[in-house]
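Visitor: the following comprises the amino acid sequence and a computationally predicted model.
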Amino acid sequence: MLIDGRPMRTIWRAGAAAVEIIDQTLLPHEVAVARLADLEAAVSAIADMQVRGAPLIGVTAAYGVALALEADPSDAGLDAACGRLAGARPTAVNLAWALARTSSAVRGLPPEQRAAAAWAEADAIAEADVAACRAIGEHGADLILERARAGRPVNVLTHCNAGWLATVDWGTALAPIYVAAERGARVHVWVDETRPRNQGSALTAFELGAQGIEHTVIVDNAGGHLMQQGEVDLVLVGADRIAGGGDVANKIGTYLKALAAHDNGVPFFVAAPSSTIDWTLAQGVGKIAIEQRGAREVTHVTGRTGAGRLEEVLIAAPGSAAVNYAFDVTPARLISAIVTERGVSAPADLATHFGRTP
Ligand code: MRU
């Protein structure tokens, strides 16, 4: 997608044994590129959220394995790298999925061939993510287009950032918006700011603006009111892990939006690639590990001062305790449909849709 009119991806190869990323901790204030040249750089890029979003975390982890194998291609090196990367963030299942896929592609090879094979597998995972997200866009665009009415935009509410910045390109929840716009629909997006890290106001608003999509940033508590006023035609969010039975873990606050949508008869859609489905779990509520991050993300915010400096400031009462759950789980019964690269499915039919026994 575009930044300043220039097509970009979130991660790309940089020479024989490194990757580069957009450092998302600096957006929307600065578009800076960071270089990842070893395992530790990949681990901290994921843990510190220079890259974030379930699909992009998975792709970065696959490249992290390749970087690690450049230094130590032994079985022990492979296992240690997968362990370090798997521990970087617990909720998005794409991370474990990408590690399993990359390590099984290389484990049977002699050590001297492993790094090259890992690079090739990581490239394949990245390209497959782009294709899956584009396909999600094609399938999901119909959900928007069928709500188009003359003289007004289709109003979509989204939470967190599930756009191209959360993937390699296109995005998950935002891909249908981009494709609907390509097909001529007028779409307006209500962007939840998404405390505590503000992925909505910082990232979703940034990328929608760069693509020329109408949008308005709202505080996280405004969605219910807008739905009561008939100002939301559909809710469209991403996912970090989907249980086989259709429960969805996504950014903290998603569950509250689903409750409000249910109460107001507003359709609530989830968009994610199949790499986000955890077939080992039937249900998600109480079963999916919910990441807890540092309290400082709640008590402080970073922004740009009038003088142009990036500064972190305290916004909570000094000394108060704070807790920072990064995700919640929305039960399948509150979800109208799940959009994947295979099409649109009712949550209860997800397994059948993928040819699995529920
Ligand atoms: O904590 P983050 O920023 O990595 O959270 C991930 C998300 O952006 C969302 O929850 C998103 O909806 C799923 S990833 C496409």
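Guide: Noted; the coordinates are in hand.

Visitor: what about the residue in the stretch 151-300 of the chain positioned nearest to the ligand, distance to residue 162?
Guide: Relative to the ligand, the nearest point of the stretch 151-300 of the chain is residue 238 (2.8 Å; Cβ to the nearest ligand atom). Any C-beta I mention is one placed from the backbone N, CA and C, and that applies to glycine too. Separation of residue 238 from residue 162 (Cβ to Cβ, to the nearest Å): 3 Å.

Visitor: which residues do the two both contact?
Guide: 53, 171, 172, 173, 271 (Cβ atoms under 8 Å, 6 or more residues apart in numbering).

Visitor: picking up where we left off before, pretty sure the residue of the stretch 151-300 of the chain closest to the ligand is touching residue 52, no?
Guide: No: in this structure residue 238 lies outside contact range of residue 52 using Cβ atoms under 8 Å: 11.2 Å.

Visitor: what does the stretch 101-250 of the chain have sitting close to the ligand?
Guide: 160, 161, 162, 166, 172, 199, 237, 238, 239, 240, 250 (Cβ under 6 Å from any ligand atom).

Visitor: ok, which pair from those is furthest apart?
Guide: Using Cβ to Cβ, these reach their maximum pairwise distance at 199 and 239, which is 14.1 Å.

Visitor: skip the chain neighbours and tell me the closest residue to the most centrally placed residue in the chain.
Guide: For the chain, the residue nearest the mean C-alpha position is residue 53 (2.8 Å; Cα atoms, centre = their mean). Nearest non-adjacent residue to residue 53, counting by Cβ to Cβ, 6 or more residues apart in numbering: residue 166, 2.3 Å away.

Visitor: near that neighbour, how many other residues are there?
Guide: Here the number of neighbours of residue 166 (other Cβ atoms under 10 Å) works out to 29.

Visitor: list residues touching both of residue 238 and residue 52?
Guide: Contacts common to residue 238 and residue 52, judged by Cβ under 8 Å, 6+ apart, are 161, 166.

Visitor: who has more neighbours out of the two?
Guide: More crowded of residue 238 and residue 52, by other Cβ under 10 Å: residue 238, with 30 against 23.

Visitor: enumerate every residue touching the more buried one.
Guide: Contacts of residue 238 (Cβ under 8 Å, 6+ apart): 53-54, 160-162, 166, 171-173, 250-251, 270-272.

Visitor: with distance to residue 126 added, can I get those in TSV?
Guide: As requested, these are exported to TSV (distance: Cβ to Cβ, whole Å):
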residue	distance to residue 126
53	13
54	14
160	22
161	19
162	18
166	14
171	14
172	15
173	20
250	22
251	23
270	23
271	19
272	17
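
Visitor: now those as JSON lines including secondary structure and pLDDT?
Guide: Shown next, in JSON lines, are these (DSSP: H, G, I helix; E, B strand; the rest coil; pLDDT from 0 to 100):
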{"residue": "53", "secondary structure": "coil", "pLDDT": "97"}
{"residue": "54", "secondary structure": "helix", "pLDDT": "97"}
{"residue": "160", "secondary structure": "coil", "pLDDT": "98"}
{"residue": "161", "secondary structure": "coil", "pLDDT": "98"}
{"residue": "162", "secondary structure": "coil", "pLDDT": "98"}
{"residue": "166", "secondary structure": "helix", "pLDDT": "98"}
{"residue": "171", "secondary structure": "coil", "pLDDT": "98"}
{"residue": "172", "secondary structure": "coil", "pLDDT": "98"}
{"residue": "173", "secondary structure": "coil", "pLDDT": "98"}
{"residue": "250", "secondary structure": "strand", "pLDDT": "98"}
{"residue": "251", "secondary structure": "strand", "pLDDT": "98"}
{"residue": "270", "secondary structure": "strand", "pLDDT": "98"}
{"residue": "271", "secondary structure": "strand", "pLDDT": "98"}
{"residue": "272", "secondary structure": "coil", "pLDDT": "98"}
